[in-house]
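In: what's the 3D shape of this:
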Amino acid sequence: MSSKTDIPAALPGSAYFLDHTEEAEQKATYAIIVDNEAGVLHRVVGLFAARGYNIESLTVAETDRANHTSRITVVTRGSSQALAQIRAQLEKMVCTRRVVDVGQDDDSLERELALVKVAGSGAARMEAMQLSEIFRARIVDTTHDSFVFEVSGAPSKIDKFEALMRPLGLTEIARTGVLSLSRGAGRA
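Out: Numbers count the residues shown, from 1 in each chain. Here you go, the predicted structure:
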């Protein structure tokens, strides 16, 4: 029989000495300027899916007709190494003109739009109206038993509005996803 003392010690260069602690996930908001052509969005989304990365938010629209480009904004999470790999892969795509991690810029703006439907009557209805004023949400549709609010702002503001409306009768919510820009004269 062999004892623990008979097992050879791991050599300093072996994998047994590697630090296997998990790195905390970070959020990244990528602004990707791409050629506005068929299949580009599919290729970008496919890059994330093929590597098992989740997309938390995705928005896309043509932003420059003259240059035939679109802006894709993707919010994702991962280790710093995974995020660097995602960015490198995005930059290698033929259809990509520029990739900027807008989320790394402290001066960046992130905004989202949501439509929030709340059904209720009596005190809950009045409280929903009062909260909407605090959050500067506009009433865009109303019936005798429901409201549809339009609220815009930072994603955390939308989250808070949703959480407060849930007990008051929130029945449905539609969110646009994150839009982002860097402040100042520079471009993403």
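
In: pull the longest strand from this protein.
Out: strand 108-119 (DSSP state E).

In: can you list the buried residues in stretch 42-58?
Out: Buried residues in stretch 42-58, counted by 16 or more other CB atoms under 10 Å: 44, 47-48, 53, 57-58. C-beta: built from backbone N, CA, C; applies to glycine.

In: that one - what's its average pLDDT?
Out: Averaging pLDDT along stretch 42-58 gives 92.

In: and the end-to-end length of it?
Out: 12 Å (CA to CA, to the nearest Å).

In: and the helix or strand hosting residue 133, how far out from the chain middle?
Out: Element membership of residue 133, judged by DSSP states H and E, is helix 122-134. Distance of helix 122-134 from its chain centroid, counting by CA atoms, centre = their mean, to the nearest Å, is 29 Å.

In: whatever helix or strand comes next after that helix pairs with which strands, parallel or anti?
Out: Downstream of helix 122-134, the next assigned helix or strand under DSSP H and E is strand 138-142. Sheet partners assigned to strand 138-142 using DSSP bridges are listed as strand 146-153 (antiparallel).

In: what's next to the strand it pairs with, contact-wise?
Out: The contact list for strand 146-153 (CB atoms under 8 Å, 6 or more residues apart in numbering) reads 111-120, 125, 128-129, 132, 135-142, 157-158, 161, 165, 169, 171.

In: quick one: buried ones out of those?
Out: For those, buried by 16+ other CB under 10 Å: 112, 114-120, 125, 128-129, 132, 135, 137, 157-158, 161, 165, 169.

In: quick check, central residue of this structure?
Out: The residue lying closest to the centre of the chain (CA atoms, centre = their mean) is residue 75, at 3.0 Å.

In: and that one, what element?
Out: Assigned by DSSP H and E, residue 75 falls in strand 69-78.

In: mean confidence for that strand?
Out: So the average pLDDT for strand 69-78 ends up being 93.

In: next SSE after it?
Out: Defined by DSSP H and E, the subsequent element after strand 69-78 is helix 80-92.

In: OK, contacts around the residue nearest to the centre of the chain?
Out: 27-30, 55-58, 103, 177-178.

In: these in strands, which ones?
Out: 27-30, 55-58.

In: quick one on the thing from earlier: how far away is the residue nearest to the centre of the chain from residue 170?
Out: 23 Å (CB to CB, to the nearest Å).

In: again, but for residue 155
Out: In terms of CB to CB, residue 155 sits 17 Å off from residue 170.

In: my read: residue 76 touches residue 54, true?
Out: Yes - using CB atoms under 8 Å, residue 76 makes contact with residue 54 at a distance of 6.4 Å.

In: overlap in contacts of those two?
Out: Going by CB under 8 Å, 6+ apart, residues that sit against residue 76 and also against residue 54 are residue 48.

In: go ahead and confirm residue 154 touches residue 112.
Out: Yes - with contact defined as CB under 8 Å, residue 154 reaches residue 112; the gap is 7.3 Å.
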